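Participant: please find the sequence and the predicted model below.
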Amino acid sequence: MKTRKFSLVKYDWDSFNKAFKKNNSNPHENKVFCYIGDIPNMPGHSFVIDIRTGTPYIFHPENLKELTDDET
């Protein structure tokens, strides 16, 4: 499913493999982001903003997951 512009998303830590997660902690746990959109000059990258701090981030779109109604 394609992420909709300006939707609330989270970093999909569950999609990473177990070996990676074993050696690395989730740097974006409990953060909620606003998905702004894909970056035209950087294929495979998306621009998001942390809704609590306003900090901008660039993520791969496959690492983002829209929040459900229960999560918002």
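Facilitator: That came through, no problem. Numbering: from 1, shown residues only.
Participant: what are the boundaries of the strands in this structure?
Facilitator: Taking DSSP state E as the test, the strands found in the chain are 8-11, 33-38, 46-50, 56-59, 64-66.
Participant: can you pull the contacts of the spatially closest residue to residue 21 that is not a sequence neighbour?
Facilitator: Nearest non-adjacent residue to residue 21, counting by C-beta to C-beta, 6 or more residues apart in numbering: residue 13, 7.1 Å away. Using the backbone N, CA and C atoms, a C-beta is placed for each residue, glycine as well. Residues near residue 13 by C-beta atoms under 8 Å, 6 or more residues apart in numbering: 21, 26, 28-29.
Participant: lowest mean pLDDT among the helices and strands of the chain, which one is it?
Facilitator: Ranked by mean pLDDT, DSSP states H and E, the weakest helix or strand in the chain is helix 18-23, scoring a mean of 92.
Participant: which of the residues in stretch 7-15 are buried?
Facilitator: Residues 8-11, 13 are the ones in stretch 7-15 that count as buried (16 or more other C-beta atoms under 10 Å).
Participant: from those residues, which two are the most distant?
Facilitator: Pairwise distances across these peak at 16.2 Å for 8 and 13 (criterion: C-beta to C-beta).
Participant: what's around residue 33, how many residues?
Facilitator: Other residues within reach of residue 33, judged by other C-beta atoms under 10 Å, total 24.
Participant: do the one 3 residues further on as well
Facilitator: Per other C-beta under 10 Å, the neighbour tally for residue 36 reads 14.
Participant: that one against residue 50, yeah?
Facilitator: No: at 11.6 Å, residue 36 does not count as touching residue 50 under the criterion of C-beta atoms under 8 Å.
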